[in-house]
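Colleague: Kindly generate the corresponding structure for this input.
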Amino acid sequence: MKKFKRRMWELDIGMKISKKDANIDRFKLLINKSIDIMQNKAENEFNPQGYPLSGEAKKRLIWMYIIHFESGKKIAKAAKKIGVSRQWLSKLHSSWNESGRDPRSLEPESKAPNKTDNRKRIGQKIENKIIEVRKEYHWGKDKLTTVLARDHDIQAGASTINRYLSKHGLLDIKISNRIKMAYKNKMEQKQKCRPPKEIKDYKPGALVEKDMKFIVKMGVFTNQEKYKAKENFWNQHTVIDSFTRIRTIGLAADGNSETAVAVQTECEQRFPFPIACANTDNGSENEKDFDNYLEKNKIVHFYSRSGTPTDNPRVERSHLTDEVEFYRHGNICKTFEKQKQKIADWEYRYNHVRPHQALGNLTPMEFYALWKANPNQAYKIAEKWKKYLKKQSERLANSRKMNNRNKITKLMEQIDKKLTNNYK
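Modeller: Residues are numbered from 1 along each chain as shown. Modelled structure (predicted):
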């Protein structure tokens, strides 16, 4: 019996498909998936710091991975596999090695011209029109580009317009400085990042969340005219371990970054393990001295997004616990020292006495002891809580949806009845 020989494009690559187009689509899908897998491997191996890279730099990082792990460190073999010249790949590999294998060295060089003296410049008439329109509307470069083309038949790029606005001192200094600083921070890799989700329940000390809570002094406002005045509050600095929920609390008379460093130092000493990463909000107490302190102690500083307490959920939730279970039960004292002692007692109760639902109704210290004795059991408890939260989140999201098809149809009819033939 003659065997049927399958054509090249009909290779079975995981699904029993015989159509040519379907196989090609499936093949492309697998290729993209394999590229993603290799990208992750290259990032883990050669970019553990997580530096943000352009698409071109990420591609070149994969090439370095191919050289070292798939081609036996042979440039010629890797170049043939990748499809680039051996000379160019060798040059790229050498410059990468010379930089101490810094992935940022793989970024392509700027294509901007070195000299722009021979460029064609706009005339004085067009320059005057740009200034005139800017003074009339006070708009930015992008809107001015549209208006000049639409109303005055003048074709000028946004960068050209911006250059002449700068020349005549018509740029907003505050906005310009902010953009320059953001660009500088980006180039120096100092941009604020959120912590990756993988480290939140990785191990004790992998990530702590820090936040500050305002405590009304003696339970009354000393400055009745200005309720947000600093003299009305003491500052509770809270540091909580994301995995074990072990928490330390420090009380301070003010909320500047220098005081935050002193409180942080005390809090860290009460943890039974070192700290690798810290996640804070964007408050001024977490900048300058505090940021320098973390850098000096080799603690990676992550930031939550502005106005997003859900990026720092465990410390925010612990502050609700403080309010409900501690402060509302008459635990606000008249003196700073007494308040500090009360908080120390509450910290002990929180860590050693109070059961936590997220920890399988163990106390934080019991959960930490369990992790040391049986890590797998501790991870199972953490995973069970994450599944519960996900289920609750989905339930709440679905409860707010209008899923009844009849109700939706009735609503659409009501909208049509009100809007049809009523547009002016």
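
Colleague: Backbone torsions only: list them for I37.
Modeller: phi -60, psi -40 (degrees, to the nearest 10).

Colleague: So what's the residue count around it?
Modeller: I37 has 10 neighbours, counted by other C-beta atoms under 10 Å. Every C-beta, even on glycine, is put in place using the N, C-alpha and C of the backbone.

Colleague: heads up, I number from 18, so please use that
Modeller: Got it, the first residue is 18 from now on, which makes the last one we talked about I54.

Colleague: hey, where'd the strands end up in the stretch 268-417 of the chain?
Modeller: In order along the chain, the stretch 268-417 of the chain carries the following strands (DSSP state E, counting those that start in this stretch): 294-297, 317-320.

Colleague: For the last one, name the packing helices and strands.
Modeller: So that's strand 317-320. strand 294-297, helix 306-313 (3 or more C-beta pairs under 8 Å, 6 or more residues apart in numbering; DSSP states H and E).

Colleague: Make CSV out of these and add mean neighbour count and distance to L268.
Modeller: Output for the helices and strands packed on strand 317-320, formatted as CSV (neighbours: other C-beta atoms under 10 Å; distance: least, C-beta to C-beta, whole Å):
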stretch, mean neighbour count, distance to L268
strand 294-297, 24, 18
helix 306-313, 16, 17
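
Colleague: Of all the ones you listed, which one is nearest Q374?
Modeller: Closest of those to Q374 is strand 294-297, at 21.9 Å (criterion: C-beta to C-beta).

Colleague: Please state the offset of the closest one from the chain centre?
Modeller: Offset of strand 294-297 from its chain centre (C-alpha atoms, centre = their mean, to the nearest Å): 12 Å.

Colleague: Identify the residues contacting it?
Modeller: 211-212, 216, 223-228, 256, 259, 303, 307, 311, 316-321, 328-329 (C-beta atoms under 8 Å, 6 or more residues apart in numbering).

Colleague: same deal with stretch 157-173?
Modeller: 139, 143, 146-147, 150-151, 154, 156, 174-176, 178-179, 182.

Colleague: What about those residues, which are in helices?
Modeller: Among those, the members falling in helices (DSSP state H) are I143, K146, I147, V150, R151, Y154, A175, S176, I178, N179, L182.

Colleague: Of those residues, just say which sits nearest to Q66.
Modeller: S176 (32.7 Å).

Colleague: Apart from its chain neighbours, what residue comes closest to that closest one?
Modeller: Take S176 and drop its neighbours on the chain: the residue closest to it by C-beta to C-beta, 6 or more residues apart in numbering is K158, 7.5 Å away.

Colleague: list the buried ones in stretch 364-376?
Modeller: Neighbour-count burial for stretch 364-376, counted by 16 or more other C-beta atoms under 10 Å, picks out E364, Y367, N368, H373, A375, L376.

Colleague: Make CSV out of these and add pLDDT.
Modeller: Formatted as CSV, these follow (pLDDT from 0 to 100):
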residue, pLDDT
E364, 95
Y367, 96
N368, 96
H373, 94
A375, 92
L376, 94
